[in-house]
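[1] quick check, what structure comes out for this input:
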Amino acid sequence: MGWTLSATDVANGYSVVLHSTGVTPPALPALATACLTGIAAAWVSGRQASCTTGLQTQTIDEAGISRTTIVDGLGRTSSVTEDGISATTSYSYDALGSLAGVKQGGFFPCVLAGVSYSRAFSYDSLGRLNTACNPESGTTSYSY
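    Numbers count the residues shown, from 1 in each chain. This next block holds a predicted model:
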């Protein structure tokens, strides 16, 4: 049981989605108000809400924890900020668009092209993974 409501306003540049396990959804104008006045206005206990404006999406889960995701002009995630744990994760990509590095918190044990990351990845000219550096397993090399 439950429902999902979504609304998109192309002219004003936003879309919003609400999910709930409840029986009765709110009226659609409440969705537009959520984006325009701040997503917190849409959150009520037991609901999940998300609002997208431009390259940024803000989500509030059922527990009221907020997460903001920013994408670059190619639609790739560039950062995620999680207010519930006060953490920001940043992502960088190589010239072919593959994930090259991840920065999480202040822990940067991996180095790629002189830049320190929490996790780092390199690829061959065909886009296949050459090396992966992860704090849990260290650096792993791959050959094809």
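[2] mind listing what's buried in stretch 100-112?
    A100, G101, V102, K103, Q104, F108, C110, L112 (16 or more other Cβ atoms under 10 Å). (C-beta placed from N, C-alpha, C; glycine too.)
[3] out of the residues you listed, which is nearest to V71?
    V102 (15.2 Å; Cβ to Cβ).
[4] any idea of the pLDDT on the closest one?
    Model confidence at V102, given as pLDDT, is 96.
[5] quickly find the element holding it.
    strand 99-104 (DSSP states H and E).
[6] give the pairing partners of the next helix-or-strand element following that strand; include direction for each.
    Next in sequence after strand 99-104, counting helices and strands by DSSP H and E, comes strand 110-112. Strand pairing for strand 110-112, determined by DSSP bridges: strand 115-117 (antiparallel).
[7] counting by contacts, list what the helix or strand containing T57 packs against.
    Using DSSP H and E, T57 sits within strand 56-60. Of the remaining helices and strands, those touching strand 56-60 by 3 or more Cβ pairs under 8 Å, 6 or more residues apart in numbering; DSSP states H and E are strand 47-53, strand 66-71.
[8] rank those strands by pLDDT, which is bottom?
    Among these, strand 47-53 scores lowest, at a mean of 65.
[9] about what we covered before: looking at the buried residues of stretch 100-112, which one is closest to S137?
    C110 (11.2 Å).
[10] partner residues bridging that closest one?
    Y117.
[11] which residues does it contact?
    G101, S116, Y117, S118, R119, A120, C133, N134, P135, T139 (Cβ atoms under 8 Å, 6 or more residues apart in numbering).
[12] same check on F121?
    Going by Cβ under 8 Å, 6+ apart, the list of residues near F121 reads S98, L99, A100, G101, L112, L129, T131, A132, C133.
[13] where does it sit: helix, strand or coil?
    strand (DSSP: H, G, I helix; E, B strand; the rest coil).
[14] thank you kindly, that will do.
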